[in-house]
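J.: Fold the following and give me the result.
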Amino acid sequence: MTGKDKILIVDDEKINVAVLTSYLADNYDVITASNGEEALKIVKKEEPDLILLDVVMPGMDGFDICKIIKHDYKLDFIPIIMLTALTSRNDHHKGIEVGADDFLKKPADRFELDKKITALLRIKEHHDSLLQDRNKAYEYLDYVGVLIAVLDRDYKLIHINQKGADILGYNRNNIINRDWIDLIVSESYANLVKRKYDMLLDGIMNEPECSEYPIMTITRKEKLFKWHYSVLRDAKGNITNILMSGEDITEKRKDEIKLMEYAKELQKSNEIKDLFTDVLRHDLLNPAGLIKSFTELLEETGTNEKQQRLIENIKKSNLRLIGLIDNAAKLAKLESINEMAFVKTNISQMINDVQDNFEQDLKSKNITLKSETYGQHPALANPMIEGVFSNLISNAIKYSPENTNITVKVEDLADKLKISVADQGDGVPDKDKEAVFTRFNRLHKENIKGSGIGLAIVKRIMDLHGENVGVIDNPQGRGSVFWFTLKKAL
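T.: Residues are numbered from 1 along each chain as shown. Now for the predicted structure:
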């Protein structure tokens, strides 16, 4: 036993199975099936925690498989994510009808996949927790007793145990031979309960049977009970009485409702975040891109000096807007990630690559970027670490005066590397050193426009790496040193 959640991938395309397995193998126990029949056998045997189910397969398709698992198999809740290239509303509705819990368009995006799996496994964990609580309650009732009652064919109470009488608040002797339905069943449920009892007494309903309906205590307080039934027979085999036991599930049902509300809120929150990210990426970024293209076209036309200045101002403002949109979308994406994979990364080479990207910005302010790396410095990092270098160097250029230096240094700290970016700007006051990494927080600069999202991205990436990041005063004089750590790669 590994202790990991078990995920079943059902897909007849080997390449799809291989890609999904590579995404999930580090964090989950992955099992696979290439067709519906094989998948159903595995589900019964393995009882996976979550299923990734392709829709279009030869033979039994994903809709049929999902319907069988959800409606025919007597298993606890298993979340099913349907992987499909189908995008029509009818296909989506069909998936909902057969019980699919979520959908993912093929080819699957890794981050989107991780987000959906994490959310559904969290819901399953709450669901399983409720089941455990229910099972504990059953064990508890074996010791303290439940409401047990016997009714005759006229619904009269001919026996009730002491625990049952205590629950209802009655003296047991005072309620024997009274009509059970008139005594404790809510009026709105009376006819429904009578029909169920009649079916039991007439032998129409198979036993054991159970149902849920509320009862009224002596103080007219309503409690929801789950009832289990069986019938008693005389020596000739004729049904004479109904034997039933009742479990108070009032609080349990409230917890289930809270869980359902939480799941809906979680889904709504994810949908809002997804919508926000999509708006940033498409609805805002596309018009900004068009403005950039039109501005470049205007630059090529014959214009006077005043018009050129206006065009240049439009261009700069639009580039800042594009940067803000891009960073906000990146941060929204990072906020939805809980874990990431790490690979061996040449930090020195990455620093050189990022430095090349800022060559024009450095020249425009006559800033010299010095790299004190001395060697390759392999580290365990996710490719997103490049965004940390880019943001820190970009900030250093933005906040540094002209004709100054920026120094990038890599230090060896036993099992870690410490990477720092030092500038000669105005520095960061002590009171702002922690807040500077907070989303949308930045130091006040009258001539610098910015949102502070860049350093929030840096902080989030380092948190996902499980590493530290910070800022100190530049010991060489004015300015700041932004630093972060990474684990060494063997």
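
J.: Break down the stretch 51-200 of the chain into its helices, ranges please.
T.: Secondary structure of the stretch 51-200 of the chain by DSSP state H, counting those that start in this stretch: the helices cover 62-67, 89-97, 110-144, 162-168, 172-175, 180-184, 190-201.

J.: okay, the ones you listed in a markdown table with distance to A33 next?
T.: (C-beta placed from N, C-alpha, C; glycine too.) Listed next are the helices of the stretch 51-200 of the chain as a markdown table, based on distance: least, CB to CB, whole Å:
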| stretch | distance to A33 |
| --- | --- |
| helix 62-67 | 9 |
| helix 89-97 | 19 |
| helix 110-144 | 18 |
| helix 162-168 | 48 |
| helix 172-175 | 57 |
| helix 180-184 | 50 |
| helix 190-201 | 41 |
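
J.: most neighbours per residue, which of these?
T.: Greatest average neighbour count among the helices of the stretch 51-200 of the chain goes to helix 62-67 (a mean of 21), per mean count of other CB atoms under 10 Å.

J.: So which other helices or strands are in contact with it?
T.: Here helix 62-67 touches helix 36-46, strand 50-54, strand 80-84, helix 89-97, going by 3 or more CB pairs under 8 Å, 6 or more residues apart in numbering; DSSP states H and E.

J.: Buried residues, the longest one. List them.
T.: Within helix 36-46, the residues that qualify as buried are 36, 39-40, 42-43, counting by 16 or more other CB atoms under 10 Å.

J.: now, which of the residues you listed sits nearest I347?
T.: Of all the buried residues of helix 36-46, I347 sits closest to I42, with 43.3 Å by CB to CB.

J.: Could you chop this structure up by domain?
T.: If you go by automatic domain parsing, the domain ranges for the chain are 6-141, 146-248, 254-335, 343-488.

J.: per-stretch mean pLDDT over these, give me the minimum one.
T.: Least confident of the domains of the chain, judged by mean pLDDT, is domain 254-335 with a mean of 68.

J.: For stretch 66-73, which outside residues touch it?
T.: Contact with stretch 66-73 is made by 40, 43-44, 51, 53, 75, 78, 80, 82, 95, 98-100, as judged by CB atoms under 8 Å, 6 or more residues apart in numbering.

J.: Tell me the spatial nearest neighbour of K14, not counting adjacent residues.
T.: Excluding the flanking residues, the one nearest K14 by CB to CB, 6 or more residues apart in numbering is S34, at 7.8 Å.

J.: contacting residues for the one you found?
T.: Counting by CB under 8 Å, 6+ apart, S34 touches 10-12, 14, 17.

J.: Beta-bridge partners for the nearest residue to D91 once chain neighbours are set aside, please?
T.: Of all residues not flanking D91 in the chain, T84 sits nearest, at 6.8 Å (CB to CB, 6+ apart). Note on T84: beta-bridge partners by DSSP bridges are K105.

J.: Relative to A25, how far out is the nearest residue to D11 once chain neighbours are set aside?
T.: In space, and not counting its chain neighbours, D11 is closest to D54: 4.1 Å by CB to CB, 6+ apart. Using CB to CB, to the nearest Å, one gets 18 Å for the distance from D54 to A25.

J.: returning to what we had before: quick one, which of the helices and strands packed on helix 62-67 gets closest to M60.
T.: Judged by CB to CB, the one of the helices and strands packed on helix 62-67 that comes nearest to M60 is helix 36-46, at 3.0 Å.

J.: Using PDB, write down the CA coordinates of that closest one.
T.: Output of helix 36-46 as PDB, limited to C-alpha atoms (Å, rounded to 0.1, in the frame of the first residue of the first chain):
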ATOM      1  CA  GLY A  36     -15.200  -0.700 -21.400                       C
ATOM      2  CA  GLU A  37     -15.300  -4.300 -20.500                       C
ATOM      3  CA  GLU A  38     -11.800  -4.200 -19.000                       C
ATOM      4  CA  ALA A  39     -12.600  -1.000 -17.200                       C
ATOM      5  CA  LEU A  40     -15.700  -2.400 -15.500                       C
ATOM      6  CA  LYS A  41     -13.800  -5.400 -14.200                       C
ATOM      7  CA  ILE A  42     -11.100  -3.200 -12.800                       C
ATOM      8  CA  VAL A  43     -13.600  -0.900 -11.100                       C
ATOM      9  CA  LYS A  44     -15.200  -3.800  -9.300                       C
ATOM     10  CA  LYS A  45     -11.800  -5.300  -8.300                       C
ATOM     11  CA  GLU A  46      -9.800  -2.200  -7.500                       C
END
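
J.: tell me which strands and helices it is in contact with?
T.: Using 3+ CB pairs under 8 Å, 6+ apart, the elements in contact with helix 36-46 are strand 6-10, strand 29-33, strand 50-54, helix 62-67.

J.: what's downstream of the first one, the next helix or strand?
T.: Toward the C-terminal end, the helix or strand that comes next after strand 6-10 (DSSP states H and E) is helix 14-24.
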